[in-house]
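Novice: could you work out the structure for the sequence below:
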Amino acid sequence: MSTSNDIKIASTQHPVADLIRNRWSARSFSEKQISENDLDTILEAASWAASAMNEQPWLYYSAQKSSDAFNKIVDALAGGNQPWAKNAAAFIISVARTTFSKDNTPNDIALHDVGQANATLLLQAAALDIYTHPMGGFDAEKVKTLLQLNENQQPVIVIALGYLDEAEKLVEPFKTRELTARSRKPFNEFVTKL
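Specialist: Below is the predicted model:
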């Protein structure tokens, strides 16, 4: 029985908070369900992300495994995500409102703010020992139809959530990915000190 926890802890060049070092995108989820209270806590955490002019241009839609919407979300996922994501305990769909609420003019930084809210959500889940996996691989038109989104609402990501299970339950290539150490670009490749 192999859990992926230890190998997935980030090896950083500089001291980084444990909550950040330990968060990773799991694919192997147990059958344990997430309580409504924990799901609500995760979703509320997103609301406390920084947002330009406090616009908070995010909308979140959640579906527990027991719901009809859950299966419709699985159907909207790309083929490479369906085999493992169907075992998640819940999904959260992140949506950006691309116009300002006060005057309906374009909000050019909406995706930035939604990204911040998503990161806050992921870290809150990690603090509750709930693993997440954000996915960009989904059929946006199916999601728009499912959620009845308007032209100013853009699906950003689908997040699978659940409690960690053994990597052995996954088929390849997902099993190997679950058991492979994470890596990132070296610090000096993305930071320029002026």
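
Novice: from the contact counts, what lies against the longest helix anywhere in the chain?
Specialist: Counting residues, the longest helix in the chain under DSSP state H turns out to be helix 110-127. On a contact count with 3 or more Cβ pairs under 8 Å, 6 or more residues apart in numbering; DSSP states H and E, helix 110-127 meets helix 18-22, helix 36-47, strand 58-64, strand 90-97, strand 131-135, strand 153-162. Bear in mind the C-beta positions are built from the backbone N, C-alpha and C, glycine included.

Novice: could I get the average pLDDT for that helix?
Specialist: Averaged across helix 110-127, pLDDT comes to 98.

Novice: identify each buried residue in it, please.
Specialist: Under the neighbour-count criterion of 16 or more other Cβ atoms under 10 Å, helix 110-127 has 110, 113-126 buried.

Novice: and residue 156, how many residues sit next to it?
Specialist: If you count neighbours by other Cβ atoms under 10 Å, residue 156 ends up with 21.

Novice: mind listing what it touches?
Specialist: By Cβ atoms under 8 Å, 6 or more residues apart in numbering, the contact set of residue 156 is 94, 95, 96, 111, 114, 115, 118.

Novice: in JSON lines, list these along with distance to residue 37.
Specialist: Shown next, in JSON lines, are the contacts of residue 156 (distance: Cβ to Cβ, whole Å):
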{"residue": "94", "distance to residue 37": "21"}
{"residue": "95", "distance to residue 37": "23"}
{"residue": "96", "distance to residue 37": "27"}
{"residue": "111", "distance to residue 37": "30"}
{"residue": "114", "distance to residue 37": "24"}
{"residue": "115", "distance to residue 37": "26"}
{"residue": "118", "distance to residue 37": "21"}
